[in-house]
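Novice: return a 3D structure for these sequence lines:
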Amino acid sequence: MKPAIAYVRVSTAGQGKSGLGIEAQREAITRFAAQEGFAIAETFAEVETGKGADALVRRPKLAAALKAARKLGGPIVVAKLDRLSRDVHFISGLMQHRTAFVVAELGADTDPFMLHIYAALAEKERRLISERTKAGLAQAKARGTKLGGPNEKSAQTAREAAARAEALRPVMAELALLSANQAAGELNRRQIETPQGGQWFSTQVIRLRKRLGDA
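Specialist: A predicted model of the protein is given here:
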């Protein structure tokens, strides 16, 4: 068995008190460790935002996990990349500590270069979504649309998305031990289409798992 340190994080005090998200991350890491032959020596849990250039200063548990991993000579395992940070520069800074990070949802074979790529893509996607949302709201406001509250169309779209996710819950549970890449490959092999009728990619698996986990 390969020794490793586990790190889990939620962003708000409310989530920390309720345990929302923490146990799901622990379970994901436990499943991943069993599958990949890691022995988790210690788990560090943190309730703190991942934002800001000084995020590591404000996250003593992550600093402690880095120290423990160096002493152990093993990697830090997280359930999802955003549990480290959603900021590519912060991820780059962590890499300078020369401690390996393993992201369960991306698979054990994801190297540091790919972690940078995934972080950069996620950051760009969030920026584009934010820009599109602002532009859409501005156009709606210009047309005189009342903003700020739910409408029937958005509610119907949300219900349909939830129904599609629930329909895939059994097969996603069956593939829970696979990485996102592996699960996407298996879904394509079984000729199970995405809700939009296309092929699966790791990012779609990650989004669906998040939706099912939050349901």
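Novice: what sits closest to the residue nearest the centre of the chain if chain neighbours are left out?
Specialist: Nearest to the mean C-alpha position of the chain, by Cα atoms, centre = their mean, lies K80 at 3.7 Å. Excluding the flanking residues, the one nearest K80 by Cβ to Cβ, 6 or more residues apart in numbering is E105, at 5.3 Å. All C-beta spots, glycine's among them, are computed from the backbone N, C-alpha and C.
Novice: pretty sure the one you found is in contact with L208, am I right?
Specialist: No: counting by Cβ atoms under 8 Å, L208 is not a contact partner of E105; they are 11.4 Å apart.
Novice: the two - which one has more neighbours?
Specialist: E105 (24 against 21; other Cβ atoms under 10 Å).
Novice: which one's the longest helix in this structure?
Specialist: Ordering each helix of the chain by length in residues (DSSP state H) puts helix 112-142 first.
Novice: let me know the pLDDT of the residue nearest to the centre of the chain.
Specialist: Looking at K80, its pLDDT stands at 88.
Novice: what about it, distance to A120?
Specialist: According to Cβ to Cβ, to the nearest Å, K80 stands 16 Å off from A120.
Novice: ok, R190 next?
Specialist: Taking Cβ to Cβ, one finds R190 at 31 Å from A120.
Novice: higher neighbour count, those two?
Specialist: Remark: of R190 and A120, A120 carries more neighbours, 14 against 11, as counted by other Cβ under 10 Å.
Novice: low-confidence ranges, the chain, go.
Specialist: With pLDDT under 70 as the threshold, the chain has low-confidence stretches at 12-20, 49-56, 122-127, 129-130, 140, 144-161, 195-197, 214-215.
Novice: mind doing that once more with 80?
Specialist: Across the chain, the ranges flagged by pLDDT under 80 are 11-21, 48-57, 86-89, 92-93, 95-97, 111-167, 191, 193-198, 213-215.
Novice: picking up where we left off before, which secondary structure elements does the longest helix of the chain contact?
Specialist: helix 88-95, strand 101-103 (3 or more Cβ pairs under 8 Å, 6 or more residues apart in numbering; DSSP states H and E).
Novice: deepest-packed of these, please.
Specialist: strand 101-103 (a mean of 23; mean count of other Cβ atoms under 10 Å).
Novice: which outside residues touch that strand?
Specialist: With contacts defined as Cβ atoms under 8 Å, 6 or more residues apart in numbering, strand 101-103 is touched by 4, 38, 75-81, 84, 94-95, 108, 110, 112, 115, 118.
Novice: in this structure, which spans are helices?
Specialist: Using DSSP H, helices in the chain cover 13-18, 22-36, 60-72, 88-95, 112-142, 152-167, 169-174, 180-189, 202-214.
Novice: the fifth one: how far from the chain's middle?
Specialist: So that's helix 112-142. 16 Å (Cα atoms, centre = their mean, to the nearest Å).
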